[in-house]
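> Provided below are the primary sequence and the corresponding predicted coordinates.
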Amino acid sequence: MEDKEFDRLLKISRIKLSEEEKQRIQNDIEGILRYFDSVDKFNEAKIKPAFHPIRIEGHPRGDKIEKFEDKDSLLSNTKTYRGFIIGPRI
Amino acid sequence: MKIGLEIHVALPTKSKLFCGCSTEQVDTPNINICPICMGFPGSKPSLNEEAIILAKSIANILNCKIRDKISFVRKVYFYPDLPKSFQITQLQESIGYEGLIIIDKGKRINIRRIQIEEDPAKIIRSEEYSLLDFNRSGIPLVEIVTEPDITSEEELTSFIFTLKARLYYLGIDIDREIKADLNISLGKERVEVKNVTGTKNLLEAARYEIERQTELISRGIEPTKETRSYDEKERKTKASREKESDEEYGYIYEPDLPEYNIKNYSIRENVDPIEKAKELAEKHAYNPKIILEAIAFDRYALDLIERNEEKYNFNSLMQAIMEIKRFKIDNIDDLSLKMLLEEIEGGFQIDKDTISSIIKHEKVKHSDFSQEGIDNGIREFIEKNPDILRRYIKNKKLADYVAGEIIKRYKAKPKEVLKRTIEILNSMTGQK
Amino acid sequence: MSSYIEEFESKVKPKDYYDRLYDELVRLNPRLNAFNALIKPDKNGIPLSVKDNICVKGIEATASSKILKGYIPPFNATVVERVLKTKRFSIIGKTNMDEFGFGSFGINCEKPAKNPLDEERVAGGSSSGAAIATALLKYHVAIAESTGGSISAPAAFCGVVGFTPTYSVISRYGLIDYANSLDKIGFMARSADDIRVMLDITKGKDNRDSTSTDSKIVGLHHKKLVIIDELIDKVDEKIRSQFFEFVEKLKNLGYTVKNINLNEIDLSIPAYYLIAMAEASTNLAKFTGFKYGFKLNDFSKNYNEFFAEAREEFGTEAKRRVILGTFIRSASVKDKYYSKALIIRKELIDKLSKVLKDAFLISPTMPIMPPKISEANSMSPVQNYATDILTIPPNLCGLPHISFPYSYSNGLPLSAQIVGSQFNDYGVISFVSEWEKNFEYKFKYNIGEI
């Protein structure tokens, strides 16, 4: 994988790496991808993909309001200001 | 000119798309929240069936092909208002595709697809940080994607009006801001104006962008392919700050949700106000535009018309509807309506007092001024304002003003008062 | 021994039972790193440990990641709720694991876990702490979790019973996700009967988990066993010979054994990792340093810088998988990797379900003996992934499977794994119940003995 492409991946996944980590991981990834390339051997076009290992029938829920009682426990995990949750600027 | 839209419409469900939190609009931030719509680790989505029914109904209105089975995907991108850093939305297996809507003058706008997705949180920008309100996070949305078939500002206006009028009858609250991305190309490249809220801004953004691109082309410059945003205060589109082209959404199938068979979900019965207006207009030889304006966003008005169109003269009925709207009457019973129509057909002026009487089922007080009384009233007024005679000679329209004042004061029949006013003014100024 | 749960409930506990249990674990834990948190229970139930990626309301859940330090879940995972509802259990702690489940040895975390049978060796992962706790405590069950073998591997290395149910049988609501189409909550215990009790309590549809089902779970105890040659070939010579001795014993118990070829089985590892990493990279995207867990207090940075800096709290393996997973999901290679993997999964499910219609799959659980921690640290990622060869196929295909010791060698356990067809969960448990009738478990520790 080219450096440029690797850097782009880091940017997209919001991951920062030290120079040393970068070297190591970029290397690792090349090895792992070569290992993954073996799936190309499999060439059955007619088989449908299995998004889950079993067949699941979806059953949506009825449109009912269910209040989450303990809101404080949600907000206590983070910083707030006048009821708003504080996040980084955009 | 090619204009396409991606419009996001909030669905009027009681609870959110993937959790049981209320969708009610409240002033206090972070009230209707839970681990799911806040994206807490360990939480999982649970699909609301009402969202399916409404989305299916919208797809039906837009003459889309509707899939028997739907599923969802994860669209991954990082932004403070996106709690899981991915949005659960639809891609290939979206609920509706290949539809169309007919706007003014029979113009056909094709619909590429409609999809169900969740709203991110509300974000308030500040210099130093973002302030986030998760009340909005998880609200069910339908995204409507059109083909770039709109070719003028007029068509854009008509499209928005038509869409909103159809959606209104599904219970979709037009006061809850519609959010849209606008794709406009006057040249070869497409310019995207993202996140425009509300109809007014949408039309202004389009107007500005059309001007901007036209100006560039007139100077021999091709508008570049780019993403822009709309600045409400300055009423301009501006080049976007974020380099969105670098973001890669990396879609995968949403593994916390199965496939849903929606074949047996019923579609909500729906009224097409444009068709209705045409029908009524033809039936009663009336102007369809006026009927449409009355009923496009007023279910109650349509109901009143349909219940009473055989009982009363249609012109009078329509006038009554205008008065009901003018005086913001929420609910009018049959007797009150009858009384109102009597007033209208009697040629009487309708004012606050008239309305208050008919609501209470009390006899409406009319001026029992005789012809003489009115004449005296007119003469008195002219005496107090002698200037009028001179001005009347120059501008006959002043008669309306004078008549208006008399009508107000004496609650007399408008037509008659005007007639007498003109007669008196003419005689006093020696005119015919 | 049938059920330690029943035995515990029938005994009278001394007044300071739980205090002494707690003290003993506090003493041992720094050496073994089995627990991320130890709790003094105030109820008189059977000691229960919960893997630290499963939410217990009010108790820190970190999934052994620095980025979740301080996260206090505001709700119980469904599995925890169902267990607590019986009022028969007392939570004694959150068990250590590989960060987010990324590992087969229990060493990808701040405090690497040690095998209680030989502290220089790995305990196995990713449910390392659950296995250690089960190997330490006489009366105890562990709630654990498996994505690619994270219950089987540590159970095998620590010599306890580790059960992974059919995908969808136990609700995943409240599980901090690694890969949603592969994660399953399961259990570890010292007997198959205890596993059965836990399955009874926790199985069944949960409205909060849209992938959970109420499909009927059966208990077909087949007498036919199948060995897949491609898999057995990858097992260490020494283990293979002992395993075949075990198989002979089974024949004497009336089982028939058949060898088959399944050459696509080799594709199960790359297919598994492709799906797992793709899904994991999306699951880890929510950790951005301000809503829960680790909070970066530097608001001078704009959101992109802020997020990247906060995500430095991820360990190396987590970073590796996020980067790879993101790559796998990118439009240019999606068809090549991710889509292919999904097709391979379908093919393997179809092929294996045919084989398992009237048989169990049997193999050693792991192809190697528990390596020394220093050896494990020097293995390359691909070498690491390859050790999952025996546990990945049932995990990829959502098949119920169970690992249990069948022998001991130089103080270390030798474990085998039985795999059943989808929803034959009670079937694989029955197999071990029967095996246990004539097998004597050897445990080095019996903390909490009464």
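Sure thing, it's come through.

> Do I have it right that residue A:13 meets residue C:329?
No. Using C-beta atoms under 8 Å, residue A:13 is not in contact with residue C:329; the gap is 9.9 Å. Bear in mind the C-beta positions are built from the backbone N, C-alpha and C, glycine included.

> List the contacts of residue B:295.
B:273, B:276-277, B:301-302, B:305 (C-beta atoms under 8 Å, 6 or more residues apart in numbering or on different chains).

> Now, those that are in helices?
Taking DSSP state H, the ones among the contacts of residue B:295 that sit in helices are B:273, B:276-277, B:301-302, B:305.

> any idea which of these is closest to chain C?
Closest approach between the ones in helices among the contacts of residue B:295 and chain C, by C-beta to the nearest C-beta: residue B:273, at 37.3 Å.

> What residues does the closest one make contact with?
Contacts of residue B:273 (C-beta under 8 Å, 6+ apart): B:165-166, B:168-169, B:292, B:295-296, B:302.

> Would you format the residues you listed as TSV with pLDDT included?
Putting the contacts of residue B:273 into TSV (pLDDT from 0 to 100) gives the following:
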residue	pLDDT
B:165	91
B:166	91
B:168	91
B:169	90
B:292	94
B:295	94
B:296	91
B:302	95
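
> which one of the residues you listed has the most neighbours?
The residue in the contacts of residue B:273 with the most neighbours, by other C-beta atoms under 10 Å in any protein chain shown, is residue B:295 (26 neighbours).

> what about the nearest residue to residue B:224 once chain neighbours are set aside, which SS state?
Excluding the flanking residues, the one nearest residue B:224 by C-beta to C-beta, 6 or more residues apart in numbering or on different chains is residue B:189, at 6.2 Å. The assignment at residue B:189 comes out as coil when based on DSSP: H, G, I helix; E, B strand; the rest coil.

> any idea which helix or strand comes after the longest strand seen in chain B?
Ordering each strand of chain B by length in residues (DSSP state E) puts strand B:108-118 first. Remark: after strand B:108-118, the chain's next helix or strand is strand B:122-125, criterion DSSP states H and E.

> buried residues in that next one?
If you call a residue buried by 16 or more other C-beta atoms under 10 Å in any protein chain shown, then strand B:122-125 has these buried ones: B:122-123.

> before we move on, the earlier item: give me the sheet partners of the longest strand of chain B and which way each runs.
Sheet pairing of strand B:108-118 (DSSP bridges) gives strand B:96-102 (antiparallel), strand B:140-146 (antiparallel).

> re earlier: turn the contacts of residue B:273 into CSV, columns for secondary structure.
Formatted as CSV, the contacts of residue B:273 follow (three-state DSSP):
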residue, secondary structure
B:165, helix
B:166, helix
B:168, helix
B:169, coil
B:292, helix
B:295, helix
B:296, coil
B:302, helix
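
> for the closest residue to chain B within the stretch 51-200 of chain C, what are its contacts?
Distance from chain B to each residue of the stretch 51-200 of chain C (C-beta to the nearest C-beta) is smallest for residue C:180, at 3.7 Å. Going by C-beta under 8 Å, 6+ apart, residue C:180 touches B:255-256, C:172, C:211, C:279, C:283.

> just these now: which is nearest chain A?
Nearest member of those to chain A, counting by C-beta to the nearest C-beta, is residue C:211, at 5.6 Å.

> Leaving out chain neighbours, which residue sits closest to residue C:139?
residue C:8 is the one closest to residue C:139 (C-beta to C-beta, 6+ apart), at 4.2 Å.

> so what does the helix or strand in which that neighbour is found touch, helix or strand wise?
Residue C:8 belongs to helix C:4-10 when assigned by DSSP H and E. Helices and strands touching helix C:4-10, by 3 or more C-beta pairs under 8 Å, 6 or more residues apart in numbering or on different chains; DSSP states H and E, are strand C:46-51, helix C:192-202.

> Report the buried residues of it.
For helix C:4-10, a neighbour-count test (16+ other C-beta under 10 Å) marks C:4-5, C:7-8 as buried.

> tell me the secondary structure for the residue of the stretch 101-250 of chain B found nearest chain C?
Closest to chain C within the stretch 101-250 of chain B is residue B:250: 3.4 Å, counting by C-beta to the nearest C-beta. Here residue B:250 is coil, with the state taken from three-state DSSP.

> what's the closest non-adjacent residue to the residue of the stretch 51-200 of chain C closest to chain B?
Of all residues not flanking residue C:180 in the chain, residue B:255 sits nearest, at 3.7 Å (C-beta to C-beta, 6+ apart).

> and the one you found, what are its phi and psi?
phi -80, psi -10 (degrees, to the nearest 10).

> That one is in contact with residue C:278, isn't it?
No. Counting by C-beta under 8 Å, residue B:255 does not reach residue C:278; the two are 9.5 Å apart.

> more crowded one of those two?
Taking other C-beta under 10 Å, residue B:255 and residue C:278 do not tie; residue C:278 has more neighbours (28 against 22).

> Am I right that the more buried one is in a strand?
No. Secondary structure of residue C:278 (three-state DSSP): helix, not part of a strand.

> just the strands in the stretch 151-300 of chain B please.
B:179-185, B:191-197, B:226-231, B:236-239, B:252-253, B:260-261 (DSSP state E, counting those that start in this stretch).

> and among the helices and strands packed on helix C:4-10, the most buried is which?
Among the helices and strands packed on helix C:4-10, ranked by average contacts under mean count of other C-beta atoms under 10 Å in any protein chain shown, first place goes to strand C:46-51 (a mean of 27).

> Who are the packing partners of it?
With contacts taken as 3+ C-beta pairs under 8 Å, 6+ apart, strand C:46-51 sits against helix C:4-10, strand C:89-95, helix C:128-136, strand C:141-146.

> tell me which strands and helices the helix or strand that comes right after the last one is in contact with?
Just to be clear, that refers to strand C:141-146. Proceeding N to C from strand C:141-146, the next assigned helix or strand is helix C:152-158, under DSSP H and E. The helices and strands touching helix C:152-158, judged by 3+ C-beta pairs under 8 Å, 6+ apart, are helix C:128-136, strand C:161-164, strand C:401-409, strand C:412-419.

> Helix, strand or coil: sort out the closest residue to chain B within chain A for me.
Proximity to chain B, evaluated over chain A using C-beta to the nearest C-beta, is greatest for residue A:66 at 2.9 Å. What three-state DSSP gives for residue A:66 is coil.

> isn't it right next to residue B:20, touching?
Yes. With contact defined as C-beta under 8 Å, residue A:66 reaches residue B:20; the gap is 2.9 Å.
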